[in-house]
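# need coordinates for the following:
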Amino acid sequence: MSGHSKWSTIKRQKGALDAKRGQLFTKLAKNIALAAQKGGGDPDANFSLRLAVEKARLANMPKDNIERAIKRGTGEDKGGSYEEIVYEGYLPHGIAILVECVTDNRNRTIAEIRSTLNRYNGSLAEGGSVSWQFDRQAYFVFEPGTRSEDQVLEMALEAGADDVVYEPDSVEISGAVESFKSLSDALQANKIVTSESGLRFVAQNRTELDLEKTSQILRIIEAIDDLDDVQNVYSNIDITEDLAKELEA
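Numbering: from 1, shown residues only. As a prediction, this is how the structure comes out:
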């Protein structure tokens, strides 16, 4: 878990510095529209939509953009419907990836992903050939504030968490997909505002590479993540604490 936590920290810091605001808003809008399309346009009645809107607000997405995305999802505004697709693939050095997408044109999406993978000597894989190496997991990230590690642990475990990574400036709680709502409700009841939350794929086993190869893989992941239809990229690369320090240097 420590490797994943460190990479999450690096990704958050890098994202804050490098994210193209317009591109970020496009991804968030698609996520909101998909949630509204599936469960309706009322965030109070649609839990997934509420989370998508909260994530957009944390990114300072304008209210008008959020409302337009909801209307597109409910069909009030013209536009095609969205679907969620997960593509599987391999990168150099035996690294497995899952690419989570929200798209209104799957032909465009798969063509862009295939082109990017080919450029970096990666390849798409058959459905099921990679996904079995990953588990689905609920997760939440927030600042601990004045809460002690014992307080956070007690709250999280009572709400169904499987793991808690407590650091002075960041807490990461994870658990089974089924525990997502109970964990979210517990955090809300304790007036804790998350900086990240959702469902993710976590590799069952991780592959550690040297600094040069790790940097190469992260560049490829970033290139895939920059595609407009891509929401998340998950891999089985292991970012150890020592590697994280070298990457940050």
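# now the strands for this structure?
Taking DSSP state E as the test, the strands found in the chain are 83-91, 95-103, 123-124, 134-142, 161-167, 170-175, 196-203, 230-235.
# show me the shaky parts of the protein.
1-20 (pLDDT under 70).
# could you check how far the residue lying closest to Asp162 once chain neighbours are set aside is from Gln137?
Spatial nearest neighbour of Asp162, excluding adjacent residues (Cβ to Cβ, 6 or more residues apart in numbering): Gly175 at 4.5 Å. The C-beta positions use only the backbone N, C-alpha and C, and glycine is treated the same way. According to Cβ to Cβ, to the nearest Å, Gly175 and Gln137 sit 7 Å apart.
# ok, those two, which is more surrounded?
Each of Gly175 and Gln137 has its neighbours counted (other Cβ atoms under 10 Å); Gly175 has more, 21 against 18.
# quick check, the more buried one in contact with Glu158.
No - contact between Gly175 and Glu158 fails when scored by Cβ atoms under 8 Å: they sit 11.5 Å apart.
# and the helices in the protein?
Remark: helices assigned in the chain by DSSP state H are 2-18, 21-39, 47-58, 63-74, 106-119, 149-158, 180-189, 211-225, 241-248.
# mind checking how far Glu154 is from Arg147?
10 Å.
# and those two? which has more neighbours close in?
Arg147 (16 against 12).
# what are the phi and psi angles of that one?
Note on Arg147: its backbone torsions stand at phi -80, psi 130 [degrees, to the nearest 10].
# for it, what are its contacts?
If you count contacts by Cβ atoms under 8 Å, 6 or more residues apart in numbering, Arg147 has none.
# from Ser123, how far out is it?
45 Å.
# again, but for Glu248
Counting by Cβ to Cβ, the gap from Glu248 to Ser123 is 30 Å.
# will you turn the strands of the chain into TSV that also has distance to Ala33?
Below are these laid out as TSV (distance: least, Cβ to Cβ, whole Å):
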stretch	distance to Ala33
strand 83-91	11
strand 95-103	8
strand 123-124	26
strand 134-142	22
strand 161-167	30
strand 170-175	27
strand 196-203	16
strand 230-235	12
